[in-house]
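Give the three-dimensional model of this entry:
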Amino acid sequence: MTIIGMLHHRLDPKTVIKSYAYAAVARAEGAQFFYFTPKSVNFDNRTIKGKVYEEGQWHERVMPFPDVIYNAGSPEKLSVSKAIIEKLKKEIPFTTHSIGNKWNVMERLKAAKEFAHYLIPSEMVGNVEKFHNFIAHYKRAVFKPIDGRKGKGIYFITKIGNAFEVRVNSEKRNYTLAQLNELLKEQLASGTFIMQPYIKSMTKSGQVYDFRLHVQKNGEGKWVVTTVYPRIAPNGSIIPNINSGGFTNYLDPFLEQEFKNEAYNIRRTLEHFAMSLAHHLDDIQMEKFGEVIDEIGIDVGLDEQQKIWMYEVNWRPGCPPAFYLELDVVVHSIRYAMYLAQNHNVIKQEIMERKYKNLDTALGLPIIAITGSAGKTTSKAFLASILSTKWKVFESKDYWNTTEHTKKHAQEIDSSHEAVVLEYGMAYPGIITNHCSIIQPNISIVTNIGLAHVGNFDGDVRKVAMAKSELIHGMNQKGLLILNKDDDNSKYLSTQQFQGEILTVGIHTDATYQAYDIQYKESGMSFKMNLQGQEIALYIPILGEHHVYNALNAIAVADYLGVSPLEIKAGLNFKKPPRRLTLYNCRDQITVIDDTVHSHPQGVRAAIDVLSNIAKNRKIAIIGQMRELGDLREQEYRKVGEYICEQEIEILITYGFRTEEMGAAALAKGMNKANIYHFTNKEELHKLLEKIVKPHDTILVKGASKTNMFETVKFLDQTYQA
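Alright, predicted model coming up:
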């Protein structure tokens with residue numbers, strides 16, 4: 001039996017009239033139905049304290065998580081529980097999702113162009129002057145709130161010489177310029193308003209009317225026209241909305257009375273328009289947001305030439321004001337909810353395929369570029385490995401990330417490649433712009449914003465972020481962007497003008513792709529996440545929580561491109577980039593951790609975390625120089641030294657110019673002076689290691705390639721070869 005939960009912001013279902021109809025129809029259709037609010041959800045035991053309708057009364061019951069949720073509450077009032085609702089969405093399919101306010105919908109339709117010629121020209125009202133420029137051109141204007149409902153707060157304003165006629169409902173009043181300006185300022189202070197030219201439909205008897213087109217998905221998941229009906233304004237009013245005193249009529253008699261021989265054609269035109277627009281908005285919702293919608297109400301008018309003009313599109317429209325039509329609406333809603341519960345994974349796969357098809361058609365083959373202060377190479381390796389389970393992939397070589405490398409890649413990519421995965425490195429402003437001018441990506445990942453190369457940016461991490469933002473500006477502006485929700489410095493990235501889709505990854509905050517239950521395993525990490533509506537357990541063969549972020553970057557892109565969870569799981573078993581937390585198991589159970597490619601404060605702390613988590617006995621950290629920190633060197637070296645002490649590393653050995661500052665900070669924090677060493681000569685460092693290394697030690701060697709710390713890894717491996 002399908003369990004349907006109705007989510008609402010009101011505590012008492014008795015105050016939600018349609019809850020009775022939904023409960024009754026659900027029972028008749030063989031489904032179990034209950035009503036609940038967000039705060040009644042218990043994620044620990046996957047139960048909800050809801051209310052069921054039995055024997056004419058609502059009774060409180062503890063219910064299991066439903067198979068599907070009918071989302072019935074006000075988005076504005078439910079927004080206080082956004083975190084709970086987003087978490088529910090990751091586990092349970094929702095029958096519908098908000099398509100946005102009136103302005104958002106019209107902007108989507110305008111951008112998609114297919115329905116743009118049905119739209120009444122609309123503008124956001126920023127100030128009084130803008131309104132006057134508008135009405136000077138159109139003479140008659142509608143001034144209404146962007147989130148208005150039920151016909152409330154709508155002003156019809158006509159310019160008559162230097163004066164203005166203002167109509168609200170059936171009231172009409174003349175205003176001077178000063179009086180109108182005062183009214184406009186008062187309304188603009190209360191919220192956001194839009195303005196449109198006033199296009200009205202008039203019956204033969206002089207009454208204003210419009211049509212409500214009510215469209216839904218049925219029990220087979222297909223769009224159907226539930227009803228089309230005219231709404232007629234009372235005498236003296238120009239608002240036909242039912243809540244403002246308007247009334248309805250049956251469609252066929254109304255059309256025959258007003259249009260005679262054209263009645264049948266107009267009916268078919270309205271029905272065809274309703275179905276076409278429903279499919280179109282559903283496609284946009286799936287391709288842009290990865291969501292479905294199940295019901296819309298479209299308000300349209302006809303001008304004197306019988307051209308359709310679209311007034312607005314309503315998400316979750318009210319039930320038609322006739323009992324039999326209300327039941328028709330509820331039956332479709334319940335049957336579709338049952339269909340969605342049974343076919344959720346199929347629909348999810350269809351969404352992924354449609355998004356990929358859309359990207360492929362609009363942008364060509366997927367060209368993915370990755371930048372960031374850390375994690376570029378590993379994210380690239382994960383993603384190329386996953387996509388290779390499905391396509392022929394061009395992957396840039398390990399650490400080939402300069403503009404000269406990108407020029408070579410441009411020559412090597414050919415028509416046989418079905419996806420391209422590249423790494424864009426950056427040490428100065430303008431470099432990523434050059435990358436993008438050689439190969440423009442349509443999918444981009446910014447792993448994080450850290451202190452790598454910060455010395456080249458006056459020690460200001462915000463300037464690093466602006467240089468990384470060159471990828472956002474240089475990519476296809478309607479593509480896909482992946483950002484790290486947990487990274488504080490990523491807030492400095494310039495995303496305001498980006499027109500494509502942004503997805504986020506995270507561990508500690510709510511993100512589009514979020515990992516949890518992260519655990520260190522032998523030679524790797526395990527974690528869980530919700531993917532395509534189901535919980536999935538994953539493993540990556542590389543140590544460190546920071547590498548879970550790199551895996552999430554790859555998963556986000558692969559999921560967007562329609563790769564299945566099974567293929568993603570297989571692809572995560574990737575070929576690890578060399579010298580990235582590579583383990584050497586030596587004799588006497590001595591373990592050496594090689595992390596000698598790059599070195600910056602964020603990466604050093606991540607490597608120390610790995611050392612702390614995998615060492616079973618004594619921990620030794622050999623830390624080399626961190627380059628290009630500029631004026632931040634002393635401060636960051638001190639922080640690393642303090643962190644090493646906090647993590648209870650028993651022995652600290654620093655190597656290179658000024659690195660003794662780390663040891664001094666560890667000493668000041670309380671580390672034993674006898675366990676702190678500093679060298680500028682590797683031979684002397686290696687002689688020390690021969691003296692102090694003991695069985696069962698775990699030794700981290702961390703440093704940038706230019707400091708040649710890998711020589712110490714080789715020394716340890718050869719000296720203690722198993």
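
And the residue nearest the centre of this structure?
Centre of the chain computed as the mean C-alpha position; nearest residue by CA atoms, centre = their mean is Leu503, 3.8 Å away.

okay, the helix or strand containing that residue in PDB with CA atoms only?
Leu503 belongs to strand 501-506 when elements are defined using DSSP states H and E. C-alpha atoms of strand 501-506 as PDB (Å, rounded to 0.1, in the frame of the first residue of the first chain):
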ATOM      1  CA  GLU A 501      23.100  25.900 -13.000                       C
ATOM      2  CA  ILE A 502      25.100  25.800  -9.800                       C
ATOM      3  CA  LEU A 503      25.400  22.600  -7.800                       C
ATOM      4  CA  THR A 504      27.200  22.300  -4.500                       C
ATOM      5  CA  VAL A 505      29.100  19.600  -2.600                       C
ATOM      6  CA  GLY A 506      29.600  19.400   1.100                       C
END
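
Quick check: buried residues in it?
For strand 501-506, burial by neighbour count (16 or more other CB atoms under 10 Å) applies to Glu501, Leu503, Thr504, Val505, Gly506. Every C-beta, even on glycine, is put in place using the N, C-alpha and C of the backbone.

Equivalent analysis for stretch 680-698, please.
Lys682, Leu685, Leu689, Val693, Asp697, Thr698.

out of those, which one sits closest to Lys217?
Thr698 (57.8 Å; CB to CB).

what's around the residue nearest to the closest one when sequence neighbours are not counted, how many residues?
Excluding its sequence neighbours, the residue lying closest to Thr698 (CB to CB, 6 or more residues apart in numbering) is Ala615, at 3.7 Å. Per other CB atoms under 10 Å, the neighbour tally for Ala615 reads 20.

Same question for Ala556.
22.

Secondary structure element holding it?
helix 545-560.

pretty sure the residue nearest to Thr698 is touching Ile651, no?
No: assessed by CB atoms under 8 Å, Ala615 is found out of contact with Ile651, at 11.5 Å.

Look up how far Asp588 lies from the closest residue to Leu302 other than its chain neighbours.
Nearest non-adjacent residue to Leu302, counting by CB to CB, 6+ apart: Ser201, 5.1 Å away. From Ser201 across to Asp588, the span is 89 Å (CB to CB, to the nearest Å).

what's the answer for Gln625, then?
30 Å.

which one of those two has more residues nearby?
Neighbours were tallied for Gln625 and for Asp588 using other CB under 10 Å; the higher tally belongs to Gln625 (20 against 11).

Name the helix or strand for the more buried one, please.
For Gln625, there is no enclosing helix or strand under DSSP H and E.

Contact partners for it?
For Gln625, the contacting residues are Ser599, Tyr655, Gly656, Phe657, Arg658, Thr659, Gly703, Ala704, Thr707, by CB atoms under 8 Å, 6 or more residues apart in numbering.

and if you look at Thr203?
Tyr209, Ile232, Glu258 are the contacts of Thr203 under CB under 8 Å, 6+ apart.

and what of Asn550?
Asn550 sits in contact with Gly375, Thr378, Ser379, Phe382, Thr447, where contact means CB under 8 Å, 6+ apart.

Report how many residues lie close to the residue lying closest to Met525 once chain neighbours are set aside.
Nearest residue to Met525, sequence neighbours excluded (CB to CB, 6+ apart): Ile540, at 5.3 Å. For Ile540, the neighbour count with other CB under 10 Å is 23.

One more: Lys521?
Around Lys521 there are 12 residues (other CB under 10 Å).

now it: how far from Ser612?
Applying CB to CB, the value for Lys521 to Ser612 is 16 Å.

Which residue comes closest to Tyr35 once chain neighbours are left out?
Distances taken as CB to CB, 6+ apart place Pro13 nearest to Tyr35, at 4.2 Å, with adjacent residues excluded.

show me the contacts for the one you found.
Here Pro13 is in contact with Met6, Ser19, Tyr35, Lys51, Tyr53, Trp58 (CB under 8 Å, 6+ apart).

again with Trp58
Asp12, Pro13, Lys14, Tyr35, Lys51, Val52.

among the residues you listed, who's most crowded?
Tyr35 (27 neighbours).

Does that residue touch His9 like I think?
No: taking contacts as CB under 8 Å, Tyr35 lies outside contact range of His9: 11.5 Å.

that older thread, for the residue nearest to Leu302, give its distance to Lys468.
In this structure, Ser201 and Lys468 are 53 Å apart, going by CB to CB.

With neighbour numbers in mind, choose between those two.
Shown here are Ser201 and Lys468; by other CB under 10 Å, Lys468 has more neighbours (24 against 21).

From the chain's centroid, how far away is stretch 664-673?
44 Å (CA atoms, centre = their mean, to the nearest Å).

do the same with stretch 274-289
18 Å.

Other residues contacting that stretch?
With CB under 8 Å, 6+ apart as the criterion, stretch 274-289 contacts 97, 99, 105, 108-109, 112, 114-115, 213-215, 223, 225, 228, 291-293, 296, 298, 310, 313, 350-351, 354-355, 358, 501.

Check stretch 90-101 too.
5, 65-71, 75, 88, 105, 108, 146-147, 281, 285, 289, 291-296, 313, 315-316, 333, 336-337, 340-341, 344, 347, 514, 530, 533, 535.

Just the buried ones among the contacts of stretch 274-289, please.
Counted by 16+ other CB under 10 Å, the contacts of stretch 274-289 give 97, 99, 105, 108-109, 115, 213-215, 223, 225, 228, 291-293, 296, 298, 310, 313, 351, 355, 358, 501 as buried.

so what's the residue nearest to the centre of the chain up against?
Contacts of Leu503 by CB under 8 Å, 6+ apart are Leu480, Leu481, Ile482, Leu483, Thr512, Tyr513, Ala556, Tyr560.

In space, what's closest to the first one - neighbours in sequence excluded?
It stands for Leu480. That would be Ile443: by CB to CB, 6+ apart, it lies 4.5 Å from Leu480.

That neighbour reaches Leu365, doesn't it?
No: applying CB under 8 Å as the test, Ile443 and Leu365 come out as separate, 10.4 Å apart.

The two: which is more packed in?
Ile443 (27 against 15).

how about the strands in the stretch 601-722 of the chain?
619-623, 651-655, 676-679, 698-702 (DSSP state E, counting those that start in this stretch).

Reformat these as JSON lines; add distance to Ala427 and mean pLDDT.
Formatted as JSON lines, those follow (distance: least, CB to CB, whole Å; pLDDT from 0 to 100):
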{"stretch": "strand 619-623", "distance to Ala427": "22", "mean pLDDT": "96"}
{"stretch": "strand 651-655", "distance to Ala427": "23", "mean pLDDT": "96"}
{"stretch": "strand 676-679", "distance to Ala427": "28", "mean pLDDT": "96"}
{"stretch": "strand 698-702", "distance to Ala427": "20", "mean pLDDT": "95"}
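
out of the ones you listed, nearest to Asn573?
strand 698-702 (24.6 Å).

Run through this structure and note the low-pLDDT ranges.
Applying pLDDT under 70 to the chain flags residues 101-103, 111-113, 147-151, 170, 236, 242-245, 320-325, 352-364.

dump the residue contacts of Ser396.
Contacts of Ser396 (CB under 8 Å, 6+ apart): Lys380, His405, His409, Val421, Leu422, Glu423.

The fourth one contacts Phe382, doesn't it?
No: using CB under 8 Å, Val421 and Phe382 do not qualify as a contacting pair, with a distance of 9.6 Å.

Now do the contacts for the residue nearest to Leu302.
Per CB under 8 Å, 6+ apart, neighbours of Ser201: Val208, Tyr209, Asp210, Gly301, Leu302, Asp303.

so how far is Ser276 from it?
20 Å.

got the domain boundaries for this structure?
Listed by automatic domain parsing, the domain ranges of the chain are 3-94, 107-117+207-338, 123-198, 364-571, 580-719.

Quick check: end-to-end length of the second one?
Distance between the two ends of domain 107-117+207-338: 32 Å, counting by CA to CA, to the nearest Å.

Figure out how far that domain is from the centre of its chain.
30 Å.

Now do the same contact list for Ile367.
Ala419, Val420, Leu422, Ile439, Gln440, Pro441, Asn442, Ile443.
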